[in-house]
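Participant: what follows is a predicted structure for the sequence shown.
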Amino acid sequence: MTRIDFYILPDGGAAGAPVATACRLCEKATAGGHRIYVNVPDEAIAGDLDDALWSLRQGGFIPHERYDGEPLDEPLPSVLIGAVEPPDSHHGIMLNLGLEVPDFFSRFERVLEIVAADPQARAMSRERYKFYRDRGYELATHKL
């Protein structure tokens, strides 16, 4: 069964904190040999994450590519960014930057939910938490 982890960002955090946190989680997951799919709600966040993954560290980046449902050339990078159901190669970890629970979440071993500090994001995260809890998923919360 899918394990769900909520990462609660501190109050008063910067507007770009969810993307920065997503980058750190992608870095940690890929360092552990995992493939990760980042579910994004729109093109603006996809672009911000794409840019941030290129410049995560001086002299390095996390291999990634945007995914729109069309076949990609092999080998696939460890991180795919998209708003559609991912390919079968990326079913280990999903990082959800969206405000809704994606229909395909249960195909992943783990789902990472980043909770931004703004009131709307917090309210929506509580709804996602209830959704997962009511269906019996294992939940963990991490205050950053």
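Facilitator: Received it, and whenever you're ready, just let me know what you need.
Participant: contacts, neighbours, all on C-alpha from now
Facilitator: Noted.
Participant: with only the CA atoms kept, save the strand or helix carrying residue 5 in CSV.
Facilitator: Secondary structure from DSSP states H and E places residue 5 in strand 3-8. Coordinates of each C-alpha in strand 3-8 appear next as CSV, following Å, rounded to 0.1, in the frame of the first residue of the first chain:
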residue,chain,number,x,y,z
ARG,A,3,2.9,5.4,2.0
ILE,A,4,2.1,9.2,2.2
ASP,A,5,4.5,11.7,3.6
PHE,A,6,3.4,15.4,4.3
TYR,A,7,6.2,17.9,4.4
ILE,A,8,4.9,21.0,6.2
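Participant: who touches that strand?
Facilitator: The contact list for strand 3-8 (C-alpha atoms under 8 Å, 6 or more residues apart in numbering) reads 109-117, 132, 137-144.
Participant: tally of neighbours for the closest residue to residue 113 other than its chain neighbours?
Facilitator: Nearest residue to residue 113 in three dimensions, chain neighbours excluded: residue 6, at 4.7 Å (C-alpha to C-alpha, 6 or more residues apart in numbering). By other C-alpha atoms under 10 Å, the residues close to residue 6 number 19.
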